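>>> can't give you the sequence, but here's the structure:
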């Protein structure tokens, strides 16, 4: 049964979802010993990445952030990306696709002037397209030396601009069990006095070895919510509950609150099967994306460990991307308003 695809009227879709979600939460509470509680106050965030050197300086970025504020978002993640040549490389550097420092500083200041809180979340990507989670340098010591220079450079910007949260790394699956991160974190904290987090991949967070040195556990929560492209909202909810059961248990063991440092879905049919898959073609389907947004928001807002959710992504300069991750001008944008405004 395709519940939301049967309802052309937005109000009917929401009413049906309320019935489903109420039943689901009652089942979850009875089965999981109070794992769901009252709705919590959390950071309502959106990532605004840029892969252009001066895009953050464009005056249209303010227009984009103003449009985002209408969803109820109160936090923005600014995401500049540096690069390394290959997964085995040991040198990290800016390229022509890296926002220049003045642009990063400018967009942070503009966001704060508009009333947003800010997380600075610098990324490292591989120029040959390899997933950053597969980075494993041939010379570990040289890589960590280069990484420290990169992350301290950005931590200096975070301190200068007064951002509330600084992310010290993202999705280094093959490296995040290493002890070198302890010194990296100490170096960051010697120049930055805000809150710190690491953004672990959805299948990485239990193996991260340094949570005790950070303020928050961070999860890039691209958990598969479906096994096939015709899955319903009920299946999304049931599958996410299984992932949350694991997160609940892990959170109890580490004793840290959690920020969902990234989560997102493309507006294509089957977007919840492999939410992290960004390159495949697909059939446009706004309702699948909206259903996935509802699943995330309705369940996580009752998790007592939740400190924030940052959706991926909102474009610095507004554009209507028919099958991309942005919720702008799509049903998912309405869902954000339902949970964050109404």
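That came through, no problem. On a predicted model such as this, the values are computed, not experimentally measured, just so you know. Residues are numbered from 1 along each chain as shown.

>>> quick one, what contacts the residue nearest to residue 285 when sequence neighbours are not counted?
The shortest distance from residue 285 to any non-neighbouring residue, by CB to CB, 6 or more residues apart in numbering, is to residue 269 (4.0 Å). For the C-beta atoms, the positions are set from N, CA and C on the backbone; glycine is no exception. Applying CB atoms under 8 Å, 6 or more residues apart in numbering to residue 269 gives the contacts 229, 230, 282, 283, 284, 285, 288.

>>> for those residues, which one is nearest residue 82?
Nearest to residue 82 out of the contacts of residue 269 is residue 282 (CB to CB; 29.7 Å).

>>> Just say helix, strand or coil for the closest one.
Secondary structure state of residue 282, per DSSP: H, G, I helix; E, B strand; the rest coil, is coil.

>>> Looks like it contacts residue 273 (just checking).
No - at 10.2 Å, residue 282 does not count as touching residue 273 under the criterion of CB atoms under 8 Å.

>>> which residue is nearest the middle of the protein?
residue 262 (0.9 Å; CA atoms, centre = their mean).

>>> just to revisit the earlier point, any idea how far residue 288 is from the residue nearest to residue 285?
As judged by CB to CB, to the nearest Å, residue 269 and residue 288 stand 6 Å apart.

>>> same question, residue 230
Relative to residue 288, residue 230 is positioned 10 Å away (CB to CB).

>>> Mutual contacts of these two, please.
By CB under 8 Å, 6+ apart, the residues touching both residue 230 and residue 288 are 269, 270.

>>> the more surrounded of those two?
residue 288 (31 against 12; other CB atoms under 10 Å).

>>> how about residue 198, secondary structure?
Quick answer, by three-state DSSP: residue 198 is strand.

>>> Pull the contacting residues for it.
By CB under 8 Å, 6+ apart, the contact set of residue 198 is 167, 168, 169, 170, 176, 181, 208, 210, 211, 214, 217, 218.

>>> Poorly predicted segments of the stretch 1-150 of the chain, please.
Within the stretch 1-150 of the chain, the segments meeting pLDDT under 70 span 1-35.

>>> the strands in it, which residues?
Using DSSP state E, counting those that start in this stretch, the strands found in the stretch 1-150 of the chain span residues 43-49, 75-79, 81-84, 117-120, 123-126.

>>> which one of these lies closest to residue 245?
Going by CB to CB, the one of those nearest residue 245 is strand 43-49, 23.6 Å.

>>> Could you verify my assumption that residue 164 touches residue 195?
Yes - under the criterion of CB under 8 Å, residue 164 makes contact with residue 195 at 6.2 Å.

>>> Let's have the contacts of residue 198 in TSV, adding secondary structure and distance to residue 297.
Output for the contacts of residue 198, formatted as TSV (DSSP: H, G, I helix; E, B strand; the rest coil; distance: CB to CB, whole Å):
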residue	secondary structure	distance to residue 297
167	strand	22
168	strand	27
169	strand	26
170	strand	23
176	coil	28
181	helix	31
208	coil	25
210	coil	29
211	helix	25
214	coil	25
217	strand	19
218	strand	18
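
>>> Quickly check those for the two that are furthest apart.
Distance extremes for those: the farthest pair is 170 and 211 at 14.9 Å, using CB to CB.

>>> Which one's more surrounded, these two?
residue 170 (24 against 20).

>>> Return the per-residue confidence for residue 325.
Residue 325 is assigned a pLDDT of 97 by the prediction.

>>> my read: it touches residue 312, true?
Yes - judged on CB under 8 Å, residue 325 makes contact with residue 312 at a distance of 5.4 Å.

>>> Could you pull up phi and psi at the nearest residue to residue 42 once chain neighbours are set aside?
For residue 42, ignoring the flanking residues on the chain, the nearest one in space by CB to CB, 6+ apart is residue 306 at 4.8 Å. As for residue 306, its main-chain torsions (degrees, to the nearest 10) stand at phi -80, psi 130.

>>> you'd agree residue 306 is up against residue 251?
No - between residue 306 and residue 251 there is no contact under CB under 8 Å: 9.8 Å.

>>> Could you pull up the residues touching residue 49?
Counting by CB under 8 Å, 6+ apart, residue 49 has contacts 79, 80, 81, 123, 312, 313, 316.

>>> 7 Å instead, please
79, 313 (CB atoms under 7 Å, 6 or more residues apart in numbering).

>>> separation between it and residue 41?
Distance, residue 49 to residue 41, using CB to CB: 26 Å.

>>> Need the per-residue pLDDT for the residue nearest to residue 42.
On the pLDDT scale, residue 306 is placed at 98.

>>> okay, now it: neighbour count?
Residue 306: 20 surrounding residues under other CB under 10 Å.

>>> Just grab the bridge partners of it for me.
residue 258 (DSSP bridges).

>>> you'd agree it is up against residue 43?
No - Residue 306 is beyond contact range of residue 43, at 9.0 Å (criterion: CB atoms under 7 Å).

>>> and the residue nearest to the centre of the chain, what is it in contact with?
Residues near residue 262 by CB under 7 Å, 6+ apart: 47, 199, 220, 221, 310, 312.
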